[in-house]
Structures are given as C-alpha cells and as structure tokens.
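K.L.:
Next one to model:
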Amino acid sequence: MTVETPYLSADAQLPYCRGCGHALVVRHLSRALEHLGLSPRSVVLTTDIGCVGLADSLFPYLHTVHTTHGRSTAFATGIALAEASLEPTGLKPIVMIGDGGAMIGLLHLVHAAQLNVDITVLVHNNFLFGMTGGQHSALSPLNWITATTPDGNWTPPLDLLALLRTAHAGFLARQFATSQELATTLAEAIDFPGFSVVEIVELCTAYGTRWNQASGASLQEIVQRQGYALGKMESEMERPTFRELYRHEPESRRPRDSRPAVPRVNAKADLAGEVRLVVAGTAGERVQSAAGLFCRAALAAGLYSTQKNDNPVTQGSGFSLAEICLSPSPIEYTGLESPDVVLVVSEDGWKELQANGTLAACRKETLLLVDSQIGVTPPAGRLLQLPLRREANPKRAALAAIAAWLEKNPLLPSEAWEAVLAAEPAERRAESAAALEIGRRLALSCADL
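P.N.:
Numbers count the residues shown, from 1 in each chain. The predicted structure is shown next:
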C-alpha cells in the first residue's frame with residue numbers, strides 16, 4: 001500500500017547532466033520506498049564515489065553513508081551483519097554504485113551475495129567512469145569509445161549478473177533507467193529477504209553519447225549485442241539469509257571475538273572534561289596494544305574513549321602511534337588538533353611526531369613525557385624525561401609511560417586496571433602488571449611530573 005512518506009527532498013535540485021539516467025533512478029527509488037511504506041529512518045543509503053554519490057543530499061530523511069571508491073557494498077554488508085548478529089534495529093541497507101565502483105569493489109559484491117546478507121545493490125551501468133573523465137570499465141561494451149579506449153574497447157564486457165548468479169545471489173534483475181517498470185523492480189528487490197542486485201542500464205550524456213553517437217533509442221540494441229537479458233533473472237532455489245543462519249546456529253558454534261570484553265567496575269573515573277593524548281614509539285613494541293589496554297580501563301571506569309592508530313605500511317618497522325581521546329560525555333570529534341599529553345618511548349616515535357606536526361601543535365601547557373634515551377630539542381610544552389626503555393624494556397615502555405602519567409594524574413581507579421588485566425591473556429597479564437608498576441615507581445621518583 002502506498003503511503004505519503006517523504007524520502008526524496010521536496011525541493012531537490014538533481015545535480016546530474018541533462019539526460020543522465022541517474023536522475024531517473026533517484027526518482028524511481030523514491031517511488032519504490034513510497035510503495036513499500038518503509039520508515040525513512042529504517043533505510044540506510046550507502047553511496048559510492050562518482051556521480052552516483054551525489055544522491056546523498058537528495059534523501060535528507062534517510063540515513064546516508066558516503067563511502068570510499070568501490071566500498072559501498074562492504075559498508076552496507078557490515079550494517080547487515082550487525083543487524084543479524086546484534087540486537088536488530090530494523091535497518092535496511094541500500095547501495096548505490098556505478099559500474100566503475102562495482103568493478104573496483106567486485107569482491108565485496110561477490111562476498112555479500114555468498115553471505116546472502118539482506119542488502120539491495122543498485123548498479124548504475126553507463127559503461128564507463130563518468131565523474132573522472134570517461135575511462136572504460138569492465139562493463140564497457142565491445143567497440144565502446146572511452147577516454148582510455150579511443151579506438152573502441154577491445155575486451156569483452158563482464159556480465160555482472162551472470163557472475164553474481166554463480167555467487168548464489170537470490171534476486172537478480174536488469175532494467176533500463178527509462179523503464180516504467182523500474183520502480184516496481186526496485187521495490188521487489190528491496191523487499192527481498194536477502195541479497196538482491198539490480199543492474200540499471202543507462203548512458204552517460206557527458207561522454208558516452210558524445211563519443212559513440214549513441215542515444216536512448218539505441219540502448220536496446222547495445223544491450224542485445226552483448227547478449228544481456230532484461231527483467232528479473234532466474235535464480236537458484238530460495239536459501240536462508242545470513243540472519244536466519246546466525247539466529248539458528250547453536251551458540252557454541254558461532255564465531256567469537258577473541259578480544260576480551262570490556263568489564264565494568266563500580267568505581268568511576270575522576271575526569272571533568274576531555275583529555276587528548278598521543279602515545280608514540282616503534283612498531284612491534286606494543287604501543288597500540290598499550291593504548292588499547294588504557295582505553296579499555298577508561299571504558300571500565302565509565303568514560304567514553306576513542307583510539308586512532310597509525311603506522312607505516314610496512315607494519316613491522318618504523319613508527320607506531322595511537323591518538324586517544326577520553327571524555328566523561330560522548331565524543332563528537334575524534335580528531336586531535338592539539339594534544340594535552342604526549343608520551344614518546346622511542347626515537348622512531350619522536351621523529352614521526354615531528355614529521356606529522358604533532359609536536360608543532362603542542363601548547364605551553366602540554367605535557368611531553370619522553371624516554372631519556374631520546375635526544376630532543378624542547379618544543380612548546382612541558383618536557384620531562386624518564387628512563388622508560390631502560391627500566392621497563394622496549395616492549396613495556398609505552399604502558400609504563402601511561403602508568404607514570406596516571407600516577408600523578410589519577411583519573412582511573414585501580415579497580416579499572418585490575419579488571420582489564422584480569423581479562424588479558426594469562427601470558428600477558430603478569431608482563432602488563434609489571435609495566436604498570438614500573439611506570440608508577442618512575443613517576444614517584446620524578447618530583448616534576
């Protein structure tokens with residue numbers, strides 16, 4: 001039953017080129033949602049990089065997520081997996097992606113189809129990359145002229161629906177953007193309880209029609225030449241969705257998160273406002289795991305906490321750092337413009353903080369607690385040095401630095417640390433406790449801290 005519910009903005013100015021099929025898809029999607037009568041806040045629209053991503057602002061009543069190139073299906077899959085494995089909220093993910101983005105993220109599409117997660121993917125196939133200059137994609141027809149195939153495409157196009165059929169997709173359809181049946185097809189796909197994909201064939205009026213003397217009237221012939229069928233495709237027998245499988249799977253056989261759960265303690269943290277820290281050191285020396293333990297202790301004591309890690313692509317060499325934000329109230333912005341505390345336990349960490357501008361962003365009241373083996377030029381801020389690496393050893397230095405700072409700034413109750421240490425693997429528990437004790441001892445020996 002059709003209901004009068006707003007999905008598309010009433011005063012939406014469609015930002016597409018004249019004649020672009022994307023505008024038709026937007027309107028048909030709105031009609032499909034109206035037909036289904038879904039609550040706008042139950043729909044999550046994940047869009048890709050490219051012209052297709054301009055749809056975000058046109059649907060102000062929906063949840064929208066604008067993703068990196070090719071990854072919109074992966075984001076939507078994550079939402080669907082959370083809906084299946086956690087307390088459900090009734091969210092329905094819909095993906096809008098172009099043919100270029102679909103090829104960049106092809107494995108995400110295949111994986112979502114194999115999982116049979118409850119998402120609907122709308123692939124806007126205009127045979128090329130429209131926003132970046134008209135380059136060819138894996139769906140460009142033979143002889144199709146693009147910026148990168150000026151003499152015509154030599155490679156046969158991929159039949160995306162045929163591929164996803166082999167991945168056991170349950171709902172597959174192909175329609176023209178101009179089809180009067182598109183809204184009905186989209187509604188059926190969205191209503192389907194599992195993975196569904198609709199390939200929407202259209203033309204890019206900025207490049208495709210100009211270079212190929214193509215028009216809407218010739219689109220049928222282009223599709224026929226590729227041997228593509230239109231409408232809803234036959235698929236395999238109905239199979240259970242990921243949600244159904246997960247909910248009926250015995251508890252003992254469900255995949256489990258190997259990370260320890262965050263405990264809760266009665267004693268609460270003593271923190272009035274937000275504090276931002278940076279912990280920096282060398283890759284492989286447990287800088288980020290020390291920061292993670294600290295964040296879990298903060299959570300155990302009732303604080304809000306965020307942690308953002310950084311390290312070189314080489315992973316096992318060079319610097320390692322973590323940016324931490326602690327707050328007694330929800331954290332709306334996780335960026336770090338100017339740190340309150342900087343803990344540095346190796347030369348690699350110090351050099352990276354110089355290079356990325358963290359040290360230059362320090363204020364005069366910023367505390368810099370630095371290992372005594374590091375030769376430093378004092379930046380802005382209050383500089384203190386402790387023999388962290390010598391006393392605690394390199395793999396315990398970061399946790400010792402955190403403990404040293406907390407000894408003189410007792411934000412967290414001891415019960416929080418005891419709780420998170422108890423959740424640590426047995427082989428790490430004693431070592432972490434030793435690092436904390438060394439840090440406290442070093443702090444007590446430093447009158448300036």
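K.L.:
element containing Arg296?
P.N.:
Here Arg296, judged by DSSP states H and E, is contained in helix 287-300.
K.L.:
residues in contact with Leu412?
P.N.:
269, 297-298, 301, 406 (Cβ atoms under 8 Å, 6 or more residues apart in numbering). All C-beta spots, glycine's among them, are computed from the backbone N, C-alpha and C.
K.L.:
Among those, which one lies nearest to Leu367?
P.N.:
Leu406 (11.9 Å; Cβ to Cβ).
K.L.:
tally of neighbours for the closest one?
P.N.:
Using other Cβ atoms under 10 Å, Leu406 has 18 other residues around it.
K.L.:
Just the buried positions in the host helix or strand of it, please.
P.N.:
Element membership for Leu406 (DSSP H and E) is helix 397-408. For helix 397-408, the neighbour count (16 or more other Cβ atoms under 10 Å) marks 397-407 as buried.
K.L.:
any chance of those residues in TSV, with pLDDT and distance to Ser42 too?
P.N.:
Shown next, in TSV, are the buried residues of helix 397-408 (pLDDT from 0 to 100; distance: Cβ to Cβ, whole Å):
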residue	pLDDT	distance to Ser42
Ala397	96	49
Ala398	97	43
Leu399	96	44
Ala400	96	49
Ala401	96	46
Ile402	96	42
Ala403	95	46
Ala404	95	49
Trp405	95	45
Leu406	94	44
Glu407	92	49
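K.L.:
and these as CSV, adding distance to Gly37?
P.N.:
As requested, the buried residues of helix 397-408 are exported to CSV (distance: Cβ to Cβ, whole Å):
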residue, distance to Gly37
Ala397, 59
Ala398, 54
Leu399, 54
Ala400, 59
Ala401, 57
Ile402, 52
Ala403, 56
Ala404, 59
Trp405, 55
Leu406, 54
Glu407, 59
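K.L.:
and of the residues you listed, the nearest to Asn143?
P.N.:
Set against Asn143, the nearest of these by Cβ to Cβ is Ala398 (59.6 Å).
K.L.:
Could you report the neighbour count for the residue lying closest to the closest one once chain neighbours are set aside?
P.N.:
Counting by Cβ to Cβ, 6 or more residues apart in numbering, Ala398 lies nearest to Ala290, which is 3.9 Å off, once chain neighbours are set aside. For Ala290, the number of neighbouring residues by other Cβ under 10 Å comes to 27.
K.L.:
buried ones in stretch 136-154?
P.N.:
Buried-residue list, stretch 136-154, by 16+ other Cβ under 10 Å: 136-137, 139-141, 144-146, 149, 153.
K.L.:
How far away from the center of its chain is the helix holding Arg296?
P.N.:
21 Å (Cα atoms, centre = their mean, to the nearest Å).
K.L.:
How about stretch 428-447?
P.N.:
Worked out by Cα atoms, centre = their mean, stretch 428-447 lies 36 Å from the chain centre.
K.L.:
Across the sheet, point out what pairs with His124.
P.N.:
Gly98, Ile200 (DSSP bridges).
K.L.:
Next, count neighbours for it.
P.N.:
28.
K.L.:
For it, list the residues it contacts.
P.N.:
Contact analysis of His124 by Cβ under 8 Å, 6+ apart lists 21-22, 25, 52, 96-99, 177, 200, 202.
K.L.:
remind me which residues of the stretch 301-449 of the chain are low pLDDT?
P.N.:
315, 378, 447-449 (pLDDT under 70).
K.L.:
Flag the shaky bits of the stretch 51-200 of the chain, pLDDT-wise.
P.N.:
The model of the stretch 51-200 of the chain has no residue with pLDDT under 70.
K.L.:
just the helices in it please.
P.N.:
Counting by DSSP state H, counting those that start in this stretch, the stretch 51-200 of the chain has helices at residues 72-85, 99-104, 106-115, 160-166, 182-191.
K.L.:
from the buried residues of helix 397-408, which single one is nearest Asp48?
P.N.:
Ala398 (38.2 Å).
K.L.:
quick one: that closest one from Gln288, how far?
P.N.:
8 Å (Cβ to Cβ, to the nearest Å).
K.L.:
what do you get for Glu221?
P.N.:
Noted for Glu221: a distance of 57 Å to Gln288, by Cβ to Cβ.
K.L.:
Please apply the same query to Ala147.
P.N.:
Counting by Cβ to Cβ, the gap from Ala147 to Gln288 is 42 Å.
K.L.:
His124 now?
P.N.:
39 Å.
K.L.:
Gly152 too?
P.N.:
51 Å.
K.L.:
and if you look at Leu139?
P.N.:
41 Å.
K.L.:
if I pick the residue nearest to Ser327 when sequence neighbours are not counted, what's in contact with it?
P.N.:
Nearest residue to Ser327, sequence neighbours excluded (Cβ to Cβ, 6+ apart): Glu274, at 4.3 Å. The contact partners of Glu274, by Cβ under 8 Å, 6+ apart, come to 325-327, 331.
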